[in-house]
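S.K.: Predicted model and sequence below, questions to follow.
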Protein chains: 4
Amino acid sequence: MADPSRRSPAKQAAIVAAAAQLVAEIGYAAVTIEAIAARAGVGKQTIYRWWDSKAALYVEVYSQMVQVDEFPDMVDPRRYMGAILRQVFDLYAATSAVPILAGLISDAQRDDVARHALVHGLIGGRGPVLAQPLRQACRDGRLPADFDVDWAAEMAVALIWKRVLSGGALDHAFADRIVAAVLSGEGGPCR
Amino acid sequence: MADPSRRSPAKQAAIVAAAAQLVAEIGYAAVTIEAIAARAGVGKQTIYRWWDSKAALYVEVYSQMVQVDEFPDMVDPRRYMGAILRQVFDLYAATSAVPILAGLISDAQRDDVARHALVHGLIGGRGPVLAQPLRQACRDGRLPADFDVDWAAEMAVALIWKRVLSGGALDHAFADRIVAAVLSGEGGPCR
Amino acid sequence: MADPSRRSPAKQAAIVAAAAQLVAEIGYAAVTIEAIAARAGVGKQTIYRWWDSKAALYVEVYSQMVQVDEFPDMVDPRRYMGAILRQVFDLYAATSAVPILAGLISDAQRDDVARHALVHGLIGGRGPVLAQPLRQACRDGRLPADFDVDWAAEMAVALIWKRVLSGGALDHAFADRIVAAVLSGEGGPCR
Amino acid sequence: MADPSRRSPAKQAAIVAAAAQLVAEIGYAAVTIEAIAARAGVGKQTIYRWWDSKAALYVEVYSQMVQVDEFPDMVDPRRYMGAILRQVFDLYAATSAVPILAGLISDAQRDDVARHALVHGLIGGRGPVLAQPLRQACRDGRLPADFDVDWAAEMAVALIWKRVLSGGALDHAFADRIVAAVLSGEGGPCR
DNA sequence: TCGTAATCGAGACGGTACGTCCCGTCTTTTC
DNA sequence: GAAAAGACGGGACGTACCGTCTCGATTACGA
């Protein structure tokens, strides 16, 4: 879109904050660009200048919300993945990230930005966070060399999306179950 | 709503057919109730009389499309599940069921009918088709007594939804992978 | 429409009564044929069989309501006309005739039956009741031979319609004023 | 409603013009807001933003159409009133004002804007144009001090409405008759 | 210190679809 | 075999937002 360097940081923050508030208050589906603009004290055009759509804006809101910044040690893949997932789920519990993620998965059926974000890992693929460390572990022998990292990542993402979409619990127990399902069968040798 | 016995079967079929055609032609998101009514040669009200929303209508379209009517033998849970999934995926390949299912999962975030249908397995949960036979197998000893059928079903559904939503392949190979992931880890070959 | 002799008098009465009730309760504009049918315990078709439209039905309701049956002596045109008008206004006060008449005048702009009824005196022209006796009075010399009966009738009707439409008072004082306005100027010689 | 200073004069004119055309072509009752919007090349909402209803819009159309701008001398009330009425009737003959006025009187039975406009003389009451000069004439002695201006105005309006509603002629002869009926009886030639 | 340009709020605008209402006709079912 | 009950095609309603487009008021900067 427009040159992001020209974004007024204050306005941008106000918009993102307004968007986050509104999801919490009325839910993703009920939020309109007009409402965000009004809440942020900003013209509609100012939003459209920087984001193509509601979904595009919420991709940014989501990624600011769910910022994994402390990466655990990658000694044991199981431990690592569990730690990451628990951290993410804690963020989910503390923010409105889950309804946003649900809204984005939903919007991905009609919005290109959301679709692209989901498919290309900004959100769902969790490429940098999930897949790469596992790939490294394979190379290092902490996972079998033929371990199918992509499949593991797909399973994890699938399980998370499913609960996000259907309102299931996203707690530590679920995190452990995901790790078990994704790493135990094939991961046996790692033990 | 209204007394279902007064529903005109011809109209109902015309509406469902029009809805199915339109998804195939322009995609779920682009379909409007008005377009369905026009295509079916029907007043808009005739649609609203019997269905609360586009999603409610497509729940019916979907379940007519994906009618599993030949149930394989339940001797081996693995074989059974694989057979069921392959059958469903064949129906998916032959119809517009996948975009509809994606649309419904999407709409479930804003439409109660779709949400209810999804949660209660009429569509995706595959409750009767997937879970019950597995439960039976546990009771019969063909699966370990402590096999977690609900978790197995959730995994299967999650994997399918994920591919439906992100446009991944839904072929026999995928069916086999689901079976492996869902039944091998805990179950082993029925011990 | 259909042969009126085949009307079931009971149903017809029920329909007319329901129509009268409904005007009193919710006003002419808000009444629908469906509501009348429901209230009368009758199918919509039964109403349409006998009347072309809501307006056509209310023409009948109105004329049953405002039935002038006691005609005063026609010795003095002024007295006669005053008596007639007072009688009509008393009926107006006792029934829902005024809102019905207002509704009919209104509907006459889009309903042929109402327009015809208004123009041809069933309601407004008051031909039989107003004009003819005056015409007779001219012939008898109780009014000047060149007295313009049509103009007198038009004035009377105009004044009544105006108050009916704009919600003005329709009382005995108004009746007297009409008589004065319509008969005094020209009627001088009658005195 | 909205801030009138933001109204686009061009759109507003286009809408009013479209409305005027359509009455002329298909009659007041058959005109729909949708048709006006389409004809004016305007979104429906743009009409609803500035007018509450079809009637509200036509109040404006009518008052633009029937703009009395040359006021005759008020020396002789009879002459004055006759001149005004002839002027108005000439405008009626030259425009679609009569069907609009009929439609508005009709709509006043179900639309508050039309009712208010009619009652408060913006349209039919002709309050400022008819009543005030007569009132002045009373004060100046050109009419008897006890001349009932309100009644005179009511009679004039009533007669006009009646012909408007029932399609009677609105010509100079009618204008003269109104003047005669309204001013001669009580007033005599200003005595 | 001031013009002058860019920026931005506010929201009007054309447009699309919504879900509702009621019309007048047609169909089914019940008595 | 008539008529209640109400489904039906149709058309307009008034509303909600979309994404684009003016408009002034407000800044912010170069002269």
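M.R.: Right, received. Where do you want to start?

S.K.: Could you give the number of residues near the spatially closest residue to A:D112 that is not a sequence neighbour?
M.R.: In space, A:D112 comes closest to A:D52 once its chain neighbours are excluded; the distance is 7.9 Å by Cβ to Cβ, 6 or more residues apart in numbering or on different chains. Glycine gets a C-beta too; all of them are placed from N, C-alpha and C. Other residues near A:D52 number 14, with proximity taken as other Cβ atoms under 10 Å in any protein chain shown.

S.K.: A:R115 too?
M.R.: The number of residues packed near A:R115 is 19, by other Cβ under 10 Å.

S.K.: Need the phi and psi values for it.
M.R.: The phi/psi pair for A:R115 (degrees, to the nearest 10) reads phi -60, psi -50.

S.K.: One more: A:D76?
M.R.: phi -110, psi 120.

S.K.: can you pull the pLDDT of the residue in chain A that chain D sits nearest to?
M.R.: Here chain A gets closest to chain D at one residue, A:E34, 13.6 Å apart by Cβ to the nearest Cβ. For A:E34, the model assigns a pLDDT of 96.

S.K.: how many neighbours does it have?
M.R.: Quick note: A:E34 (other Cβ under 10 Å) scores 10 neighbours.

S.K.: Could you report the distance from it to D:R139?
M.R.: From A:E34 over to D:R139 the distance is 57 Å, taken as Cβ to Cβ, to the nearest Å.

S.K.: wait, A:Y48 sits on A:A37?
M.R.: No: with contacts counted by Cβ atoms under 8 Å, A:Y48 stays clear of A:A37, the gap being 9.2 Å.

S.K.: Verify the contact between A:L22 and A:A35 for me.
M.R.: Yes: judged on Cβ under 8 Å, A:L22 makes contact with A:A35 at a distance of 5.9 Å.

S.K.: These two: which is more packed in?
M.R.: Ranked by neighbour count (other Cβ under 10 Å), A:L22 and A:A35 place A:L22 first, with 21 against 15.

S.K.: quick one: the spatially closest residue to that one that is not a sequence neighbour and DNA strand E, what's the gap?
M.R.: Excluding its sequence neighbours, the residue lying closest to A:L22 (Cβ to Cβ, 6+ apart) is A:V31, at 4.6 Å. Between A:V31 and DNA strand E the distance, using Cβ to the nearest atom of the strand, to the nearest Å, works out to 17 Å.

S.K.: go on, A:L143?
M.R.: From A:L143 to DNA strand E the distance is 49 Å (Cβ to the nearest atom of the strand).

S.K.: Phi and psi next, for that residue.
M.R.: Taking degrees, to the nearest 10 as the convention, A:L143 sits at phi -130, psi 150.

S.K.: If we ignore the residues flanking it in sequence, what's nearest it?
M.R.: Counting by Cβ to Cβ, 6+ apart, A:L143 lies nearest to A:A137, which is 4.4 Å off, once chain neighbours are set aside.

S.K.: tell me which element that neighbour falls in.
M.R.: Using DSSP states H and E, A:A137 falls within helix A:132-140.

S.K.: and A:P9, how many neighbours?
M.R.: 7.

S.K.: Check the gap between it and A:W50 for me.
M.R.: From A:P9 to A:W50 the distance is 12 Å (Cβ to Cβ).

S.K.: Just give me how far stretch A:160-171 sits from the chain centre.
M.R.: Distance, stretch centre to chain centre, for stretch A:160-171: 13 Å (Cα atoms, centre = their mean, to the nearest Å).

S.K.: and it, is it in reach of chain B?
M.R.: Yes: using Cβ under 8 Å from any Cβ of the partner chain, we find that stretch A:160-171 touches chain B at A:161-162, A:165-168.

S.K.: ok so, going back, OK, contacts around the residue nearest to A:L143?
M.R.: With contact taken as Cβ atoms under 8 Å, 6 or more residues apart in numbering or on different chains, A:A137 is in contact with A:74, A:77, A:80, A:143, A:147.

S.K.: Tell me where chain A has strands.
M.R.: Ranges of strands in chain A, per DSSP state E: none exist.

S.K.: burial of whatever residue of chain A ends up closest to chain C, as a residue count?
M.R.: Proximity of chain A to chain C (Cβ to the nearest Cβ) peaks at A:A30, 32.7 Å away. By other Cβ under 10 Å, 11 other residues sit near A:A30.

S.K.: pretty sure A:S106 is touching B:G103, no?
M.R.: No: using Cβ under 8 Å, A:S106 makes no contact with B:G103, being 9.7 Å away.

S.K.: Common neighbours of these two, please.
M.R.: Common contacts of A:S106 and B:G103 (Cβ under 8 Å, 6+ apart): none found.

S.K.: Could you list the contact residues of chain A toward chain B?
M.R.: Contact residues (Cβ under 8 Å from any Cβ) of chain A with chain B: A:28-29, A:102-103, A:105-110, A:118-119, A:124, A:151, A:154-155, A:157-159, A:161-162, A:165-168, A:177, A:181, A:184-185.

S.K.: Put the buried members of those residues into a PyMOL selection.
M.R.: The PyMOL selection below is limited to those of the residues of chain A next to chain B classed as buried (16 or more other Cβ atoms under 10 Å in any protein chain shown):
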select buried, chain A and resi 28+29+102+103+105+106+107+108+109+110+118+119+124+154+155+157+158+159+161+162+165+166+177+181
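
S.K.: and the residues of chain A next to chain B, which of them are in helices?
M.R.: Among the residues of chain A next to chain B, the ones falling in helices (DSSP state H) are A:102-103, A:105-107, A:118-119, A:151, A:154-155, A:157-159, A:161-162, A:165-166, A:177, A:185.

S.K.: what's the closest residue to DNA strand E within chain A sitting at in phi/psi?
M.R.: With Cβ to the nearest atom of the strand, the shortest gap between chain A and DNA strand E falls at A:G43, namely 2.9 Å. With angles defined as degrees, to the nearest 10, A:G43 shows backbone torsions of phi -80, psi 150.

S.K.: what about it, how many neighbours?
M.R.: The burial count for A:G43: 12, using other Cβ under 10 Å.

S.K.: got a list of what it touches?
M.R.: Residues in contact with A:G43 (Cβ under 8 Å, 6+ apart) are A:A37.

S.K.: Could you do A:S106 as well?
M.R.: By Cβ under 8 Å, 6+ apart, the contact set of A:S106 is A:28-29, A:165, B:105-110.

S.K.: Domains in chain A, by residue range?
M.R.: Domain segmentation of chain A under automatic domain parsing yields A:4-51, A:63-182.

S.K.: tell me the most buried of those domains?
M.R.: domain A:63-182 (a mean of 18; mean count of other Cβ atoms under 10 Å in any protein chain shown).

S.K.: who in chain A is up against DNA strand F?
M.R.: Applying Cβ under 7 Å from any atom of the strand, we find that chain A lies next to DNA strand F at A:30, A:32-34, A:44-45, A:48, A:53-54.

S.K.: so which two of the residues you listed are the farthest from each other?
M.R.: A:A30 and A:Q45 (22.1 Å; Cβ to Cβ).

S.K.: Tell me the gap between stretch A:74-87 and the middle of its chain.
M.R.: What separates the centre of stretch A:74-87 from the centre of its chain is 17 Å, taken as Cα atoms, centre = their mean.

S.K.: Kind regards, and thank you for your time.
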